[in-house]
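Undergrad: Return atomic coordinates for the entry below.
(one chain, ligands or ions: 2)
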Amino acid sequence: MAVDYYNLDDVLGDEYLLIRAATRAFIEKDIAPVMDSYAQAHEPIPDLMRKLGDIGALGPFIPTEYGGAGLDYMAYGLIMQELEAGDSAIRSAASVQSSLVMFPIYTFGSEEQKRKYLPLLGKGEYIGAFGLTEPNHGSDPAHMETKLLRDGTNKGYILTGTKMWITNAPICDVAVVWAKDEAGKVRGVIVERQDAGFSTPEIANKWSLRASLTGELVFDQVHITEDRLLPGVSSMRGPLSCLNSARYGIAWGAIGAAIDCYRIALQYALERKQFGKAIASFQLQQKKLAEMLTEITKAQLLVWRLGQLRNTNKATPQQISMAKRNNVYMALQVARDARQLLGAMGIVGDYPIMRHMMNLESVITYEGTHDIHLLITGQDITGISAF
Ligand code: TGC
Ligand code: FAD
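TA: Numbering: from 1, shown residues only. Ligands and ions are numbered 1, 2, ... in the order given. Next comes the predicted model:
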């Protein structure tokens, strides 16, 4: 059952529809049948990154010569949408690897760094993590305390500090980490799993994104050689540019979760009978379904236009913030309404709705909270920062 009320498929065209269909087929065959059991068990899907690499979902927008899929941002968005229809944890895995690890290495890395890391990341042979958030600095990463200071010999650096709430930290092979140098400038470095003094304790007992591992990145005087520094940036523009790419993908991804909830709610409403009638015949349930479809359709129009802007390098960070904020909130509302529509059946794992709803509680917080994105819009229209 397609959810395309405004016939957007007509303007997308065959190539994009094929990419979307291939990702959807992967989710239906390899992920949907096992997703609930892994989420219930609080375990990641085995070998997920290699599977995502096989379908071209890691670094879709990175050129093929560096191990990406050589696609554009519209394709990236559609892939994220289908992955998140499976589970936000699957989209998270792909968006961290693509937008937060491959993107900075491709955009700010040296030729040697690109050749060394990108093909391995694109195949899912390496798992990447992105360290920006710290225990004392979430919404205000510019005040980060992690330090990258010259070592005594002047041949390298010493990295000290802790990053917190990091997706895939416990299983990462490499991490792109942001730290301040002696001059207070924000630098990006690539840390490798085997580096002495580097550890990645897991954050356990999450009620959200249960099939995604989250942890800390702890740097206890980690020695960093010059060749691990990303040479192309030395300010907050570095990490914030990565966030633009990831937030863009999340704006698409959230629609996938919403569509999954809407489809199930519609089918359930048509089949479930109370008072001798399908619950779809009651006005209150029709209101829920009609509002879900309206909000999904508005969100689809937003990201379709945003995709055009991003493909031509014209999407502003503020436009991306608006779409991330709107679409994640929309998906959360759809999930909540769908859960109610299913009554008691809405709380069990036989249906993915409660799982989507709990996942979206993280998605509305990470990559900039709902409030922070509102303030970004407020600043854009008034010229006044209210952070
Ligand atoms: P501000 O003073 O405004 O700007 C500092 C410098 O950065 C530039 N800039 C940007 N560049 C690119 N893209 C953007 N979106 C940018 N926003 C600002 C700006 O031009 C300036 O450049 P320069 O060269 O003049 O120095 O920055 P601020 O420190 O006041 O912060 C602004 C604020 C609050 C919007 C920002 O800090 C923010 O977005 N905070 C939210 C933090 C956040 O989103 N963290 C996400 C962590 S990663 C994550 O959650 C991954 S979840 C992964 C998953 O599993 O999917
Ligand atoms: P805080 O910044 O402490 O905010 C708490 C509350 O205060 C929020 O409601 C916020 O909106 C509000 N608030 C803050 N400042 C203001 C203000 N100026 N005005 C009004 N209200 C304000 N980070 C990474 O770097 N890499 C990752 O891979 C990563 N993965 C994550 C995975 C998960 C599952 C989660 C939950 C988080 C992840 N994060 C990651 C961290 C995420 O980006 C942060 O949680 C997020 O940026 C918010 O920071 P915080 O949790 O410290 O909240």
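Undergrad: Which residues does the one helix or strand residue 23 maps to contact?
TA: Assessed by DSSP states H and E, residue 23 sits inside helix 14-26. With contact meaning CB atoms under 8 Å, 6 or more residues apart in numbering, helix 14-26 is reached by 9, 12, 51, 55, 57, 71, 74-75, 78-79, 81-83, 85. Every residue, glycine included, has its C-beta placed from N, CA and C.
Undergrad: same thing but 10 Å
TA: By CB atoms under 10 Å, 6 or more residues apart in numbering, the surrounding residues in contact with helix 14-26 are 9-10, 12, 32, 51-52, 54-57, 60, 69, 71-72, 74-83, 85-86, 90, 94, 256, 307.
Undergrad: In it, which residues are buried?
TA: Residues 16, 19, 20, 23, 24, 26 are the ones in helix 14-26 that count as buried (16 or more other CB atoms under 10 Å).
Undergrad: Present those residues as a markdown table; the columns should include pLDDT and distance to ligand 1.
TA: A markdown table is the format used below for the buried residues of helix 14-26 (pLDDT from 0 to 100; distance: CB to the nearest ligand atom, whole Å):
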| residue | pLDDT | distance to ligand 1 |
| --- | --- | --- |
| 16 | 97 | 23 |
| 19 | 98 | 20 |
| 20 | 98 | 20 |
| 23 | 98 | 17 |
| 24 | 98 | 20 |
| 26 | 98 | 19 |
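Undergrad: Closest to ligand 2 out of the residues you listed?
TA: residue 23 (21.9 Å; CB to the nearest ligand atom).
Undergrad: ok, so what distance separates that closest one from residue 238?
TA: Computed as CB to CB, to the nearest Å, the residue 23 to residue 238 distance reads 29 Å.
Undergrad: next one: residue 24
TA: From residue 24 to residue 238 the distance is 34 Å (CB to CB).
Undergrad: surely residue 230 meets residue 191?
TA: No - counting by CB atoms under 10 Å, residue 191 is not a contact partner of residue 230; they are 11.7 Å apart.
Undergrad: Have a look at these two and say which one is more surrounded.
TA: In this view residue 230 and residue 191 are compared by other CB atoms under 10 Å, and residue 191 has more residues nearby, 24 against 21.
Undergrad: got the phi/psi numbers for the more buried one?
TA: phi -110, psi 140 (degrees, to the nearest 10).
Undergrad: same question, the one 4 residues further on
TA: Dihedral angles of residue 195 (phi, psi; degrees, to the nearest 10) stand at phi -60, psi 130.
Undergrad: Apart from its chain neighbours, what residue comes closest to it?
TA: residue 222 (5.1 Å; CB to CB, 6 or more residues apart in numbering).
Undergrad: does the one you found count as helix, strand or coil?
TA: strand (DSSP: H, G, I helix; E, B strand; the rest coil).
Undergrad: Roughly how far does the residue lying closest to residue 205 once chain neighbours are set aside sit from ligand 2?
TA: For residue 205, the nearest residue in space outside its immediate sequence neighbours is residue 42; the separation is 8.0 Å by CB to CB, 6+ apart. Noted for residue 42: a distance of 13 Å to ligand 2, by CB to the nearest ligand atom, to the nearest Å.
Undergrad: Repeat that for residue 143.
TA: 11 Å.
Undergrad: ditto for residue 111
TA: Counting by CB to the nearest ligand atom - residue 111 and ligand 2 are separated by 26 Å.
Undergrad: ok, residue 65 touching residue 115?
TA: Yes - using CB under 10 Å, residue 65 makes contact with residue 115 at a distance of 9.3 Å.
Undergrad: Residues that sit against both of residue 230 and residue 191, list them.
TA: 176, 177.
Undergrad: Tell me where the stretch 1-150 of the chain has helices.
TA: For the stretch 1-150 of the chain, the helices defined by DSSP state H, counting those that start in this stretch cover 8-12, 14-26, 32-41, 48-54, 73-86, 88-95, 103-108, 111-123.
Undergrad: And these: which comes nearest residue 334?
TA: Among those, helix 73-86 comes nearest to residue 334, with 12.2 Å by CB to CB.
Undergrad: Now do that closest one: which elements does it pack against?
TA: helix 8-12, helix 14-26, helix 32-41, helix 88-95, helix 237-271, helix 283-311, helix 353-363 (3 or more CB pairs under 10 Å, 6 or more residues apart in numbering; DSSP states H and E).
Undergrad: By proximity to ligand 2, which residue of the stretch 51-200 of the chain wins?
TA: Closest point on the stretch 51-200 of the chain to ligand 2, by CB to the nearest ligand atom, is residue 138, at 1.9 Å.
Undergrad: low-confidence ranges in the protein?
TA: 1 (pLDDT under 70).
Undergrad: At the contact with ligand 2, which residues of it appear?
TA: Neighbours of ligand 2 within the chain, by CB under 6 Å from any ligand atom: 96, 130-133, 138-139, 165-167, 209, 214, 362, 365-367, 369, 371-372, 375, 387.
Undergrad: Cheers, nothing more for now.
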